[in-house]
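Visitor: Pasting the sequence and the predicted model now:
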Amino acid sequence: MEENAVENAKSMSIIVTKGTLDWAYPPFILATTAAAMDVKVSMFFTFYGLQLLKKKMDHLQISTLGNPGMEMPMMGMHMTMPNIVSALPGADAMATTMMRNLIKKKGVASIEELRATAVEQDITLIGCQMTMGLFELEKDQLMDGIEIGGAATYMETALKSDINLFI
């Protein structure tokens with residue numbers, strides 16, 4: 001790396017707090033895009049965001065509850081999902097299936113693919129130690145190659161970062 005590139009090096013830290021399929025996309029897309037632009041990226045997964053570090057990703061679902069902006073292209077138009085739909089048995093499973101089909105149909109990378117790209121790009125993935133204890137998760141339940149750390153670990157990175165995002 002040339003000297004000028006070192007001087008202009010940028011870094012970004014992201015706190016990932018949500019663990020649903022739809023909320024998994026923003027942090028991984030932003031992180032992998034930034035890394036492709038030579039930004040050093042660190043992602044800190046805490047609370048429900050820790051779900052995104054589990055070895056298997058088939059448990060991720062969409063939650064229709066409290067998501068009034070949710071529209072799905074259906075029958076040539078965009079159908080909104082009113083909150084009352086959440087009360088119907090199987091509504092979240094139906095919305096998840098619809099979203100997975102839409103992702104596949106539109107050729108959007110899966111979360112598994114985005115996560116693999118993040119690893120290939122040397123993005124630092126940190127699982128929150130306190131959250132692991134709170135939810136009784138063991139490191140062997142999470143993907144290989146991640147770091148485990150607490151709030152101080154995040155703060156050490158965030159204080160040096162040019163960009164800090166909370167997602």
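Guide: Structure's in. What do you need? Residues are numbered from 1 along each chain as shown.
Visitor: Once you drop chain neighbours, what's closest to the residue most central in space within the chain?
Guide: The chain has residue 24 as the residue nearest its centroid, 3.3 Å off, counting by C-alpha atoms, centre = their mean. Ranked by C-beta to C-beta, 6 or more residues apart in numbering and with sequence neighbours excluded, the top spatial neighbour of residue 24 is residue 111, at 4.7 Å. Yep, even glycine has a C-beta here, placed from its N, CA and C like the rest.
Visitor: Tell me which helix or strand in the protein has the weakest average pLDDT.
Guide: helix 3-7 (a mean of 50; mean pLDDT, DSSP states H and E).
Visitor: after it, next one along is what?
Guide: Using DSSP states H and E, the helix or strand that follows helix 3-7 in sequence is strand 10-16.
Visitor: Please enumerate the helices of this structure.
Guide: 3-7, 21-36, 91-105, 111-120, 129-134, 151-158 (DSSP state H).
Visitor: lowest-confidence stretch among those?
Guide: For the helices of the chain, mean pLDDT drops lowest on helix 3-7, to a mean of 50.
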